[in-house]
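Student: structure for the following, please:
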Amino acid sequence: MTNTRSRTSMLGAAAAAAAEAVNEALAAAQARAMAAPAPGPSVMSVQVQVPATAAAQRRPTRTPGRGASGPMVGLLSRESGETLIDQIVRSVAARIDDRLLRGGARMPSIRAFAASHGVSAFTVVAAYDKLVATGYLESRRGAGFFVRERPAMAVHAGDSAPLLSPVRSQHAGFESKPIDIVWLVRNMFRQMPHQQMPGTGVLPSEWLDGPAIANALRAVSRQNPNLLLSYGVPQGFLPLRQQLQHKLAELEIAAEPEQFVTTAGVTQALDLVAREFTRPGDVIFVDDPAWFLMFGSFAALGAQVIGIPRLADGPDIARLTELAAIHKPKLYIINSVLHNPSSTSLSAAKAFQVLRLSEEHGFLIVEDDIYCDLHPGSAVQPATRLAALDQLQRVIYLGGFSKTMAANLRVGFIATSMERAERLADRKMLSTLTTSDIGERVVYKVLSEGSYRKHADRLRGRLDSVRAKALRQMERIGLRVESSPLAGMFVWADAGCDTNALTERAMAHNLLLAPGSLFSPKQLPSTRMRLNVAAMQEPAVWRFLERELGGS
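Tutor: Have a look, this model is predicted:
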């Protein structure tokens, strides 16, 4: 046994040595081809044993202001969690960003860099290639690598302000435009801690199942590469549509795979539906309050957007009846389950009334069920879906996974009648050809592996825990909540003051709120605001609200 282990160890060492030798040989070949001497300023002095005459010809010169001779980067650590390649890339990029290395400067040869830093030529080749790919270096055949010339970015007075410019109130880090829908969406995409964004519409990334997404990506990457290089089909990845068929069956919605069209999230789904079934001047009904992004999107298509007052159990039926008779809408967009921003759900009685009015006045219902998996199910809490009652006759059902799986995958779907699905697939094809087949394969992998159900259970449990605590805190500081939600991530709270002004003051403390005015098509001042209970863990949020609202 000992001899066997010894032989195995020797074989392993020999294999490792052979691999290293191959790498060094390949790197040396590339070095000879690409890193031959060429005229131009050098960025560091390297001692090389060459004949005296050659040395006189090749002696490196130092460009003024470049700093002292020596290693290109600081000490490299093999104990760091960062690879040697990435350490080199980061250090060289920093020197270029700081203008310690100027455009046109010649980089050390691959061999010289490797010798002066105690790394293999293979490592240097990989680092240089990364720096070329990211625009820091350029490779000149037969001459070597040079710092790429990077022209300064011109700033014109008439251009829109960048995302990190000061706001009109001089609050650092926020967009300097009036508080409106675009302002909120832009600032939601800022790179700031989730706990400083109580107005955000997403869960913390650490709550999501990153390892499951990573495993699915690896599994997809091991498939036939040809499948990943070509277009998908306009209607979407078939196995995913088959998986969605099972998902909707659990909600008592019957649909064939041909009745699904995949989209780049619910945002694109709404856009496709509006483009296909409305024309400029047509009326679209939305809940008031409702998800704000669609107001601007529909208006850009020339539609007239009218809000229907949303109550705790669904729309104000009397108002819906009155306005439908006057305006003859083409579409009514509604969250039946876990309405955004209140997290309330539609009652069965109102669901039947909405369907009756749809048939009476000839409008289609677009049911946005993006928060489906944050609801524990009708066996635990009441949940009535219009698509389950109507079976996709007058209802177009939308869903997606950006809230519970990964927003960056941008995978959503439409379920509707066969005829409408065909029309929507054609509309999608004419606008974007297809959606990302890779993203759809990843979502299919996650759904079909079986772990997603447990992940959704964990999310609901965490939300239940933080929601209960947040509601108690809100009551203590004077925030009023008319309908305390039993599920979901949002609370629609009444601050008793103009929340636009409150949002302005929050900026000074690097806090992002979502004022109620943005959730109404009329955009009028409001005392309401949407709060995300998953982003209410930071004590600074509560201190700010308590101080501003005068809570005891």
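Student: please tell me how far Ala535 sits from Met192.
Tutor: 11 Å (C-beta to C-beta, to the nearest Å). C-beta coordinates here come from the backbone N, C-alpha and C atoms, glycine included.
Student: hang on, Ala264 packs against Gly412?
Tutor: Yes. The criterion here is C-beta atoms under 8 Å, and Ala264 meets it with Gly412 at 6.9 Å.
Student: when these two are compared, which one has more neighbours?
Tutor: Neighbour totals were compared for Ala264 and Gly412, and Gly412 leads with 24 against 20 (other C-beta atoms under 10 Å).
Student: touching, Gly118 and Ser77? I think so.
Tutor: No. In this structure, Gly118 is not within contact of Ser77 by C-beta under 8 Å, at 11.5 Å.
Student: least trustworthy helix or strand in the chain by mean pLDDT?
Tutor: Every helix and strand of the chain was ranked by mean pLDDT, DSSP states H and E. The lowest is helix 52-58, at a mean of 38.
Student: can you give me how far the next helix or strand after that helix is from the chain middle?
Tutor: Following helix 52-58 in sequence order, the next helix or strand is helix 84-97 (DSSP states H and E). Mean C-alpha position of helix 84-97 versus that of the full chain (C-alpha atoms, centre = their mean, to the nearest Å) differs by 27 Å.
Student: contacts for helix 84-97?
Tutor: Residues outside helix 84-97 that contact it (C-beta atoms under 8 Å, 6 or more residues apart in numbering): 72-74, 76-78, 80, 82, 101, 117, 119, 123-124, 126-127, 130-131, 134, 136-137, 147, 150.
Student: following that helix, which helix or strand comes up?
Tutor: helix 110-117.
Student: report all helices and strands that that next one contacts.
Tutor: helix 2-34, helix 121-133 (3 or more C-beta pairs under 8 Å, 6 or more residues apart in numbering; DSSP states H and E).
Student: quick one: it to helix 84-97, angle?
Tutor: Helix 110-117 and helix 84-97 are oriented at 100 degrees to each other (axes from the mean of the first three to the mean of the last three C-alpha atoms, to 10 degrees).
Student: report the mean confidence score over helix 110-117.
Tutor: Averaging pLDDT along helix 110-117 gives 92.
Student: and what of stretch 195-202?
Tutor: Rounded mean pLDDT across stretch 195-202 is 92.
Student: distance of the residue most central in space within the chain from Gly296?
Tutor: Per C-alpha atoms, centre = their mean, the C-alpha nearest to the average position across the chain is that of Asn408, at 3.6 Å. Distance of Asn408 to Gly296, given as C-beta to C-beta: 22 Å.
Student: lowest average pLDDT across the helices and strands packed on helix 110-117?
Tutor: Minimum mean pLDDT among the helices and strands packed on helix 110-117: helix 2-34, a mean of 43.
Student: run a quick neighbour tally on Ile396.
Tutor: Using other C-beta under 10 Å, Ile396 has 27 other residues around it.
Student: can you tell me the SS state at it?
Tutor: strand (DSSP: H, G, I helix; E, B strand; the rest coil).
Student: how far away is Gly488 from Leu131?
Tutor: 46 Å.
Student: out of those two, which sits in the more crowded spot?
Tutor: Set Gly488 next to Leu131 and count neighbours by other C-beta under 10 Å: Gly488 wins out with 25 against 22.
Student: the more buried one: which element?
Tutor: Applying DSSP H and E, one finds Gly488 in no helix or strand.
Student: ditto for the one 5 residues further on
Tutor: Element membership of Ala493, judged by DSSP H and E, is strand 490-494.
Student: again, but for Pro382
Tutor: Going by DSSP H and E, Pro382 is not part of any helix or strand.
Student: excluding chain neighbours, what is closest to it?
Tutor: Nearest non-adjacent residue to Pro382, counting by C-beta to C-beta, 6 or more residues apart in numbering: Ser345, 6.6 Å away.
Student: how about Ser205?
Tutor: Nearest to Ser205 is His194, by C-beta to C-beta, 6+ apart, at 7.3 Å.
Student: show me the contacts for the one you found.
Tutor: With C-beta under 8 Å, 6+ apart, His194 has these contacts: Thr200, Val202, Pro204, Ser205, Ala534, Ala535.
Student: closest to Gln381 out of these?
Tutor: Closest approach between the contacts of His194 and Gln381, by C-beta to C-beta: Ala534, at 18.8 Å.
Student: make sure Pro239 is indeed in a helix.
Tutor: Yes. Counting by three-state DSSP, Pro239 is part of a helix.
Student: now it: closest residue in space, sequence neighbours ignored.
Tutor: Tyr444 is the one closest to Pro239 (C-beta to C-beta, 6+ apart), at 5.2 Å.
Student: burial check on that neighbour, number of neighbours?
Tutor: Count around Tyr444 with other C-beta under 10 Å applied: 22.
Student: quick check, it in contact with Arg241.
Tutor: No. If you go by C-beta under 8 Å, Tyr444 and Arg241 don't touch, sitting 9.0 Å apart.
Student: ok so, going back, turn the contacts of His194 into a markdown table, including neighbour count, secondary structure and distance to Asp316.
Tutor: Below are these laid out as a markdown table (neighbours: other C-beta atoms under 10 Å; DSSP: H, G, I helix; E, B strand; the rest coil; distance: C-beta to C-beta, whole Å):
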| residue | neighbour count | secondary structure | distance to Asp316 |
| --- | --- | --- | --- |
| Thr200 | 23 | coil | 28 |
| Val202 | 18 | coil | 29 |
| Pro204 | 16 | coil | 34 |
| Ser205 | 11 | helix | 37 |
| Ala534 | 22 | helix | 30 |
| Ala535 | 25 | helix | 30 |
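Student: per-residue confidence at Gly81?
Tutor: So, for Gly81, pLDDT stands at 75.
Student: next helix or strand past the helix or strand containing Arg319?
Tutor: Arg319 is part of helix 317-327, with elements assigned from DSSP H and E. Going down the chain from helix 317-327, the next helix or strand is strand 331-334, by DSSP H and E.
Student: what pairs with that next one, parallel or antiparallel?
Tutor: Sheet pairing here is set by DSSP bridges, and for strand 331-334 it gives strand 283-288 (parallel), strand 364-368 (parallel).
Student: which one of those lies closest to Thr527?
Tutor: So among these, strand 283-288 is nearest, using C-beta to C-beta, at 15.0 Å.
Student: now the angle between helix 317-327 and that closest one, please.
Tutor: Counting by the same axes, to 10 degrees, strand 283-288 lies at 160 degrees to helix 317-327.
Student: distance of the nearest residue to Leu433 once chain neighbours are set aside relative to Cys497?
Tutor: Take Leu433 and drop its neighbours on the chain: the residue closest to it by C-beta to C-beta, 6+ apart is Tyr231, 6.4 Å away. Using C-beta to C-beta, Tyr231 is found at 53 Å from Cys497.
Student: check Pro485 too.
Tutor: Using C-beta to C-beta, Pro485 is found at 22 Å from Cys497.
Student: same check on Ile396?
Tutor: Applying C-beta to C-beta to Ile396 and Cys497 gives a distance of 39 Å.
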